[in-house]
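Trainee: Structure here, sequence nowhere to be found:
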Ligand code: ATP
Ligand code: MG
Ligand code: MG
Ligand code: MG
C-alpha cells in the first residue's frame with residue numbers, strides 16, 4: 001500500500017466526548033468516525049485492525065472445531081417470545097416493526113436463532129457435539145454508550161454456541177472454548193485475566209469472563225496471588241448458595257422463629273445504612289434445586305454479626321453462587337463440622353422455604369413477628385420490600401475464598417465471556433434430539449462471546465504513550481512503514497524506498513510506503529500516532545553512507561542498517 005493511495009486523515013484534537021486514551025487515539029488517528037451516539041464508521045485504517053482481530057478469532061475458533069455460519073442481524077420477535085426474553089431483555093433490546101406491523105429485533109446476541117437452527121437441524125445424538133459461531137454486527141441500546149467502540153450501541157461480536165448430548169460433554173465443549181480464548185488473547189498480545197463471572201441476563205449456571213487489565217476498565221476483578229482464584233467482583237459479592245448436607249427439612253407454612261423481625265422492622269433498623277451493614281445473604285440448600293434457609297447477615301457496630309430473619313431474595317436475574325465451605329467458616333468464624341444436618345448452628349435460624357422454581361414470585365420473609373411465612377407474594381400480600389442489599393462488601397486485603405492469602409482488586413475490560421447454559425434455551429424452545437435409546441432428550445448448550453471491536457479499544461488502552469498507539473504486531477494495521485524523506489526531490493530515495501517496499505511486500509510483510517512527500521517531522525508524528533510497530537526512514541543523508549534508519553515504535557533509539565541488508569534485518 002502506498003500512503004498516497006490510502007486514506008490517512010489524522011487530527012490534532014480529539015472530540016470532547018472522547019474521555020479515555022483509546023477513544024481519543026482512535027478518533028485522532030482516523031480509525032473511526034462517529035455517526036451517532038455509540039455508532040461508528042470503521043474507516044479503512046480501523047477496519048484493517050478489526051479484520052486482524054477477526055482473523056485470529058476465526059483461526060482459533062476453527063482450530064477448536066467450531067463451524068462458522070452467519071445469522072441475520074434482524075430477527076423475528078416470535079423466537080424471543082418463545083425464550084421469554086422479549087419481556088425480560090429490557091430496553092437494551094432494539095425492537096422494530098416491518099411494514100406489516102410485525103415485530104422484529106436487531107440482535108444483541110443469538111441464542112434464540114441458534115437454538116431454532118439446532119432444533120431444526122439436529123435430530124440424533126450422532127450429530128452431537130456441534131459448535132456453531134458467527135462474527136456479526138450486534139445492536140444493544142446501551143443506556144450510556146461511551147469510550148468509543150468499547151461500549152458502542154452497534155458493535156461486532158463473535159458469538160459461538162455449543163450443543164451437546166449431556167452435561168459431561170457440554171463441559172468438555174466449554175473447556176475447549178475456554179482454552180481457545182486463552183490462545184486468542186495471548187496471540188493478540190493482551191495482558192488479561194480469566195475470572196469467574198456472573199451470568200447476567202443470558203442465564204445459565206457457570207461462566208468466565210476474560211478481562212483485559214486496564215485502569216479505565218468498568219469491571220472490578222478480585223484475585224489472590226497464591227491460588228488461581230479470580231472472580232468478577234459482582235460474583236464475589238453475590239449472595240452465596242450454601243449446599244447443605246444432611247436431612248431434608250419438612251416444608252414449612254408458618255414457622256415460629258423467636259426473635260425474628262418483620263420486613264418493616266428490618267428496614268427501620270437499618271435505614272439508610274442498609275447497603276453498608278448487610279454483609280451477605282446466605283442461602284442453604286438441600287441440593288441445588290431446593291433452598292431451605294435464607295439469612296441476611298448483618299454487621300452492626302464493629303464485631304457484632306447478627307442474622308436478620310428477613311430478606312428479599314434478589315430477583316431471578318441475579319446469580320447465586322455456591323459458597324465454599326471455607327468461605328462459610330471464615331464468614332461465621334466457625335469450626336469444621338459447622339455444616340450440620342439441621343442448619344448451621346444456633347446462631348442461624350431458618351426463615352423460609354422455597355424452591356428455585358418459585359424464586360421469582362416467592363420471596364422469603366417474615367410478615368408477622370416472630371413468625372415467618374412461606375409462599376409470600378410480595379406486592380400482593382405485602383409491600384414490595386426494598387431489601388436488595390445482597391452485596392457482600394469485598395475489599396482489598398479480605399481473606400481469599402481459596403483460603404490462601406488475601407484478595408487484590410484491579411480493573412478490567414470484559415473482552416470475552418463463556419457461559420455454560422445447560423438446557424435453559426433448549427427447554428424453552430424444545431430443542432431435542434433422539435438419544436442412543438431413541439428417546440428425545442434436551443440439548444445441553446453453552447455460549448461464548450468475544451467483543452471484536454471492543455478488543456481494539458482495549459488493546460490501545462494497554463499499548464499507547466503520549467505520542468499515540470503502539471500496536472502489538474498481531475493487530476497492527478501495517479507492520480512496517482517506510483518513510484521516504486525527500487520523495488519528490490530525490491531519485492535515489494524513490495528508487496531505494498520502492499525497492500525495499502517491493503521486497504517486503506513480496507516477503508508477505510504488510511508494509512505501507514509513505515510517498516506523500518511530507519516534512520519528516522509531520523510524517524513521523526503521524527505514524528507514531530497511528531502506531532505502526534516498525535518505521536524505516538530512507539533519506540538522502542543516510543543513503544550517502546549507504547544506510548537507512550530503523551526504529552521500533554516502542555523505542556526511542558533508532559538503528560542504522562546497511563540499505564542492502566535491510567530486508568534481512570527486518571524479516
Ligand atoms: P458489559 O458487561 O460490558 O455490558 P456484557 O456482559 O453485557 O458486557 P456479553 O453479553 O457477555 O456482554 O457479550 C459478549 C461480549 O461482547 C462482551 O464480553 C464484550 O466483549 C462484548 N460487548 C458487550 N457489550 C458491548 C458493547 N456495548 N460494545 C462493544 N462490545 C460489547
Ligand atoms: Mg452489557
Ligand atoms: Mg458483563
Ligand atoms: Mg458478559
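Mentor: Yep, it's here. All values derive from a computational prediction rather than experimental measurement. Ligands and ions are numbered 1, 2, ... in the order given.
Trainee: what sits against residue 500?
Mentor: Residue 500 is in contact with 482, 536, 538, 548, 563, 566, 567, counting by CB atoms under 8 Å, 6 or more residues apart in numbering. (C-beta placed from N, C-alpha, C; glycine too.)
Trainee: helix, strand or coil for residue 503?
Mentor: Secondary structure for residue 503, judged by DSSP: H, G, I helix; E, B strand; the rest coil, is helix.
Trainee: quick one: contacts for it?
Mentor: Contact analysis of residue 503 by CB under 8 Å, 6+ apart lists 566, 567.
Trainee: Between the contacts of residue 500, identify the one with the most neighbours.
Mentor: residue 538 (30 neighbours; other CB atoms under 10 Å).
Trainee: Any idea what that one is bridged to?
Mentor: On the basis of DSSP bridges, residue 538 is bridged to residue 484.
Trainee: And the residue of the stretch 451-571 of the chain that's closest to ligand 1?
Mentor: When scored by CB to the nearest ligand atom, the stretch 451-571 of the chain has residue 451 as its residue closest to ligand 1, at 2.2 Å.
Trainee: The closest residue to that residue other than its chain neighbours and ligand 1, how far apart?
Mentor: Leaving aside its chain neighbours, residue 451 sits nearest to residue 415 (5.4 Å; criterion: CB to CB, 6 or more residues apart in numbering). In this view, residue 415 and ligand 1 are 5 Å apart by CB to the nearest ligand atom, to the nearest Å.
Trainee: Check which helix or strand residue 415 maps to.
Mentor: strand 408-422 (DSSP states H and E).
Trainee: ok, back up a step: ok, the residue nearest to residue 451 - how many residues close by?
Mentor: Residue 415 has 28 nearby residues by other CB under 10 Å.
Trainee: ok, it touching residue 453?
Mentor: No - applying CB atoms under 8 Å as the test, residue 415 and residue 453 come out as separate, 10.3 Å apart.
Trainee: Who are the contact partners of the one residue sitting closest to the centre of the chain?
Mentor: The centre of the chain sits closest to residue 414, judged by CA atoms, centre = their mean, with a distance of 3.5 Å. Neighbour list for residue 414: 209, 210, 211, 217, 218, 219, 451, 454 [criterion: CB under 8 Å, 6+ apart].
Trainee: Can you tell me which of the residues you listed are buried?
Mentor: Neighbour counting with 16 or more other CB atoms under 10 Å marks 209, 210, 211, 217, 219, 451, 454 as buried within the contacts of residue 414.
Trainee: The fifth one pairs with what?
Mentor: Right, the one you point to is residue 219. residue 412.
Trainee: Next: the first one.
Mentor: When assigned by DSSP bridges, residue 209 has beta-bridge partners residue 195, residue 417.
Trainee: hang on, it packs against residue 416?
Mentor: Yes - with contacts counted by CB under 8 Å, residue 209 reaches residue 416, the gap being 6.9 Å.
Trainee: returning to what we had before: pull out the buried positions in the strand holding residue 415.
Mentor: In strand 408-422, the ones that count as buried by 16+ other CB under 10 Å are 410-422.
Trainee: name the helices or strands packed onto the following helix or strand past it?
Mentor: Sequence-wise, the next helix or strand downstream of strand 408-422 (DSSP H and E) is helix 424-428. In terms of contacts (3 or more CB pairs under 8 Å, 6 or more residues apart in numbering; DSSP states H and E), helix 424-428 is packed against helix 77-83, helix 111-121, strand 444-451.
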